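Engineer: Next come a sequence and a model predicted from it.
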Amino acid sequence: MSEKLDYLITGATGQLGALVLEQLRAAAPEARIGALVRRAEAAAALEAQGLVVRVASYDDPAALEAAFAGVDKLLLISSSEVGKRAEQHSNVIAAAEKAGVGFIAYTSILNATSSPLTVLPGEHVATEEALAASGLTYALLRNGWYSENYVMGAGAALEHGALIGAAGDGRIASAARADFAAAAVAVLTGETPARGTVYELAGDDSYTLTEFAAALSEIAGKEIPYVNMSEADYAAALEGAGLPGPVAHMLADSDNGAAQGGLYSDDKTLSQLIGRPTTPWRQTLKAGVKLDA
Ligand SMILES: NC(=O)c1ccc[n+]([C@@H]2O[C@H](COP(=O)([O-])OP(=O)(O)OC[C@H]3O[C@@H](n4cnc5c(N)ncnc54)[C@H](OP(=O)(O)O)[C@@H]3O)[C@@H](O)[C@H]2O)c1
């Protein structure tokens, strides 16, 4: 367990983690790279890629400390278990400190401390505060919205003949997951940033949901209007479509935050960090939309 690792990436079985690992292997082919998973059965596929797998859940402080032994730079990809994340992340931070990790980068949320969203930012702010209270050298990757989030809803919009939401005329400066992965790799492989460095990361271009629906209409060859709803009606519609209540509430709150500019930033740190323009949202939409839906 004490084998030295240049990098350890948490959330390695997730979508962002997979992209980070792929890009990190390409950027640092000589490095010893570790992947943290919570399910031991996920190890074989990662080991086959030449990665060193360590197993620990964010819920298990002792296993985390053992998993972090010998790690120089750690990427904490935020947990997907909304509601449990503040405690889980503080377990990771405490274990990283005990294990003597040299640097930790954390995937937070765009404008975490001033965001108008009310559901998601709280746990990210708590994690940022736990990092600030630790003795660790750390950086905050405040990730904006993935373009893939709205692309995921495009199938339902095609099926129902309308895109529904509660984002009003709010502009959304999203970027592809692969862009955020590239930013994480740039920060991990570059010179270690000063303690507490904050990167506000957003896409170079932006759109309203009306513009998104127009682009979807063009791709599909049929008119898909955007229908704006109140936050409560949108949450009810999502729940009616089968989403669990808390997820529907979180998505409707995020749209309501977007209406107030919460998913927008004209900060170009992301493209500067990755040394190229961010992936155009239309490209992500075109690649991700299933026209036979
Ligand atoms: N910026 C955005 O638009 C946006 C959108 C969605 C999510 N996010 C956040 O960004 C994170 C990464 O995004 P993603 O698309 O890669 O999400 P994802 O595909 O759902 O991956 C989440 C990862 O977290 C791991 N995980 C969850 N609970 C854990 C625990 N208790 N202990 C250890 N690992 C645990 C999962 O492991 P398993 O494979 O074992 O489940 C998985 O590897 C998400 O978790 C979420 O916090 C951001």
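Structural biologist: Structure's in. What do you need? Residues are numbered from 1 along each chain as shown.
Engineer: Quick one: distance of stretch 122-141 to the chain centre.
Structural biologist: Between the mean C-alpha point of stretch 122-141 and the mean C-alpha point of its chain there is a distance of 16 Å (C-alpha atoms, centre = their mean, to the nearest Å).
Engineer: repeat for stretch 196-214
Structural biologist: The offset between the C-alpha centroid of stretch 196-214 and the centroid of the whole chain comes to 13 Å, using C-alpha atoms, centre = their mean.
Engineer: Tell me the buried residues in it?
Structural biologist: Along stretch 196-214, these residues count as buried under the neighbour rule (16 or more other C-beta atoms under 10 Å): 198-214. Using the backbone N, CA and C atoms, a C-beta is placed for each residue, glycine as well.
Engineer: show me where the stretch 101-250 of the chain has strands.
Structural biologist: In the stretch 101-250 of the chain, the strands defined using DSSP state E, counting those that start in this stretch lie at 103-109, 138-143, 163-165, 197-201, 226-228.
Engineer: With respect to the ligand, which of the ones you listed lies nearest?
Structural biologist: With C-beta to the nearest ligand atom as the criterion, the ligand lies closest to strand 138-143 of these, at 4.5 Å.
Engineer: now what about that closest one, what contacts it?
Structural biologist: The contact list for strand 138-143 (C-beta atoms under 8 Å, 6 or more residues apart in numbering) reads 103-112, 124, 128, 131, 180, 183-184, 187, 193, 195-201.
Engineer: Not counting sequence-adjacent ones, nearest residue to the residue of the stretch 101-250 of the chain found nearest the ligand?
Structural biologist: When distances are taken as C-beta to the nearest ligand atom, the stretch 101-250 of the chain approaches the ligand most closely through Tyr146, which lies 3.7 Å from it. With C-beta to C-beta, 6 or more residues apart in numbering as the measure, Arg177 is the residue that lies nearest to Tyr146, at 5.0 Å, once sequence neighbours are left out.
Engineer: Burial check on that neighbour, number of neighbours?
Structural biologist: By the measure other C-beta atoms under 10 Å, the count of residues near Arg177 is 21.
Engineer: Touching, it and Glu148? I think so.
Structural biologist: Yes - using C-beta atoms under 8 Å, Arg177 is in contact with Glu148, at 5.8 Å.
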